[in-house]
Each structure stands twice: as structure tokens, then as C-alpha cells.
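Peer 1: Need the 3D shape of this:
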Amino acid sequence: MSLVDSIIAFWNNKGGTGKTSLSFQTICHYADRNRDSRILVLDVCPQANLSELFLGGLVHDGGSSLLERQGQTPRCTVGGYFQQRLPNPYSTPQIDPLAFITTPHEYNSSVPENIDIVCGDPLLELQANAISTLANNRIPGTNTWVEVIDWISDFLEACEDDYDVVFIDANPSFSIYTQIGLSACDKIVLPVMADDSSRRAIQNAFSLLYGLRLPSEIYAQHAFATHLQEEGRTLPKTHLIVKNRLTQYMGPASAYNAVLQSIQSDISALVKSHPDYFSFTRVADGIVDVRDFQTTGVVAFARGCPFYQLRSGKLDVAGRRIQVNEDQRLLCVRSIDGIVRKL
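Peer 2: The predicted structure follows:
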């Protein structure tokens, strides 16, 4: 088995929660604060936005660098690795992890040198139907679903003891490639926003991950949690709920605050009823508030730059000079530090 100390996934089955920018900033800050640790990032998302950020963002042509990695033979991506698994999906091949790993610092000097990444790839979307079919085949003596769901675990095992911490950026869907990513992790960071759809998304996430409140026994028989538990596997634990993109308008009397309090009440009830699904027992230990990054976030995202590396003042973004306020930048750094301390 892999000797990785911790495998942490960022996931929510609702899009638009700021997951990509949050995971980029958190991973970079974590790596900077833990320079002696080797970090691996797996971008299990066909949009590959996180990979583009690590390779330089819009300003530093991260998109072209990503296309270059996707154009390698084999493709230097998660999709390239999955492509290698497709011909013999139920047996672990000889894997050379270096064929699929990129060191972002070689493309983007703002990223810490102790981070490696397996880039995302739109090929994942094309592969999804084939992988799902393979996972649901009936072969006597072979649990085909488990053999497929272990593909990322197999990859990490091939890395042996090269990495201390692995971060997985998972697509908002619950496609087979998302399940492959989440089955490999032990902790999940779940970003939410102050809207009612985020509240419903938490309920949906716990149905998908843990099989809670499914409409009938038919669904339970085929649930992700059921498959893992039948094999004696440990389900990933929800480690952190990040209330993201909070604004100054979310005061005690605001409608936004009412939704956030409702989300917190839902989490509190789940911790009491299903404590084994969480890595925390006190709700306060598992929730962190993050203010909206505003202009600072837009600039950092465009430049593929961690907040602690970003200069204040006027910076070029797509031919425009945009002002980064130092006080706001420091607030962003402190927000991300709050997440890192809880990892």
C-alpha cells in the first residue's frame, strides 16, 4: 500500500463554489509552510483548471503549457494514465509514475518546488463511459468495480514513498473518474457558499459519499459506500467544511447568514447522528470561514500566483493594470492559513 501520510480531496458535487482557486491557494500555502514535505497533486477533472493555474495561469500562458503536457506520448496527465489502464483494467501494470508527473515550478516559478502534479485532461470525459462499462462487467472471481476504482490507489502505490501528502482535485460530478479519486483519499474538504443550493449540495454529497437518505433500497445496493464497505474499505472522512466567498454583507441579520447558520445546523446534526463520517467531533473544529478574495483573487488566479507570493500595487492582467491592495492581500493570506492549519 502507499506510504503517503495523508490524501486530501477537494470536492463538492455543486459547481461554482470556488473549489479550484481555493485548492490552488491551499496547496501552495501548505507546500510553502511544509518545505520538507513532498506534495503530489492529482487533477481528476476534465476541465483541468487547477493544472492551468499551476502551470502559470492566463498571464503566463498556463493553457499552452497544459496542452504541451497533454500532447506528450504517453499523455502526461491523469487521462494518459487511465488510457494505459484501459486495455487490461483488472490487473495492475508496471507503472512508471514519472511518465505522467509534471513539476509545476519548472513552468511557474511562483509555485513551490516541492509540488508535483498529474495534470487534468478533457480525455477523462471521453473515457468515462468506457471505464464505467469496465467497472460494471460481470467476471467470475473478479470484483471489477474494485479493480477499476483502485486505479489511483495503484498509481500512488507505484510512487512508493516519494510523497508525504497527496491532494486530489475532484470534478463536481460523481462520474466514475470522480469516484476513483475519492476512493483513494482519506479526508475531504467540502467548499460551500451562502446559498440554498449549497445547502442541498451538502445533503446530496452525503447521499453520494455515504449513502445517506437514499430514496429506496435499490439505490443503496449500488451506492459508492455500499461497494466500498462490502470490500472492507474505509470511507473517506469529511475533514473540513469551507464556507467560501463570504462578504461584508453577510451580517447577523442577513439572508446569507441565515443560510450559513442553516448549513452549520445541518452539519451539527450529521456529526451527532453519523460521527464516523467526520474527522472532527466539535463542529467548530471542522468549519472555517473564508472571505471573498475580491480583486486580489482575480489577479492571483489570472497570474497562477499564491497570495503569499503576490505583490501589492498595480499588476498586468490581460493588458490591463489592476490594483492589488496590500491589506486585502494579507487578509487573503490569513484566510488560507486558517485552512492550512486545519489540514
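Peer 1: Between the two ends of stretch 6-24, how far is it?
Peer 2: End-to-end distance of stretch 6-24 (Cα to Cα, to the nearest Å): 17 Å.
Peer 1: where along this protein do the helices fall?
Peer 2: Using DSSP state H, the helices found in the chain span residues 19-33, 49-54, 62-70, 78-85, 123-135, 144-149, 151-158, 176-184, 196-210, 217-221, 224-230, 255-273, 294-303, 326-341.
Peer 1: quick check: angle from the fifth one to helix 176-184?
Peer 2: Okay, so that is helix 123-135. With axes from the mean of the first three to the mean of the last three Cα atoms, to 10 degrees as the basis, helix 123-135 and helix 176-184 are set at 80 degrees to each other.
Peer 1: Now tell me what touches helix 123-135 from outside.
Peer 2: 44-46, 70, 75, 77-80, 82-83, 86, 89-90, 144-145, 148-149, 171, 175-177, 180 (Cβ atoms under 8 Å, 6 or more residues apart in numbering). All C-beta spots, glycine's among them, are computed from the backbone N, C-alpha and C.
Peer 1: picking up where we left off before, could you identify which of the helices of the chain has the lowest mean pLDDT?
Peer 2: The weakest mean pLDDT among the helices of the chain belongs to helix 217-221, with a mean of 76.
Peer 1: Distance check, R33 against S21.
Peer 2: Here the criterion is Cβ to Cβ, to the nearest Å. By it, R33 lies 18 Å from S21.
Peer 1: Compare neighbour counts for those two and give me the winner.
Peer 2: S21 (19 against 15; other Cβ atoms under 10 Å).
Peer 1: burial count for the residue nearest to the more buried one when sequence neighbours are not counted?
Peer 2: Spatial nearest neighbour of S21, excluding adjacent residues (Cβ to Cβ, 6 or more residues apart in numbering): F301 at 5.3 Å. F301: 22 surrounding residues under other Cβ under 10 Å.
Peer 1: ok, now how distant is F301 from P89?
Peer 2: 36 Å.
Peer 1: And D164, by the same measure?
Peer 2: Counting by Cβ to Cβ - D164 and P89 are separated by 29 Å.
Peer 1: What's the separation between the nearest residue to P275 once chain neighbours are set aside and S268?
Peer 2: Nearest residue to P275 in three dimensions, chain neighbours excluded: T281, at 6.5 Å (Cβ to Cβ, 6+ apart). With distances taken as Cβ to Cβ, T281 is found 11 Å from S268.
Peer 1: Pairing partners for I168 in the sheet, please.
Peer 2: Here I168 sits in beta bridges with A9, L42, going by DSSP bridges.
Peer 1: Use 452 as the first number for this chain going forward.
Peer 2: Shifting the count to begin at 452 puts that one at I619.
Peer 1: burial count for it?
Peer 2: Using other Cβ under 10 Å, I619 has 29 other residues around it.
Peer 1: Spit out the contact partners of it.
Peer 2: 458-462, 492-493, 495, 603, 632-633, 635-636 are the contacts of I619 under Cβ under 8 Å, 6+ apart.
Peer 1: Any chance of TSV for those, columns distance to Q774 and neighbour count?
Peer 2: Output for these, formatted as TSV (distance: Cβ to Cβ, whole Å; neighbours: other Cβ atoms under 10 Å):
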residue	distance to Q774	neighbour count
I458	39	24
I459	34	21
A460	35	25
F461	29	25
W462	34	29
V492	31	28
L493	35	29
V495	36	28
I603	42	25
G632	38	26
L633	40	24
A635	42	24
C636	39	25
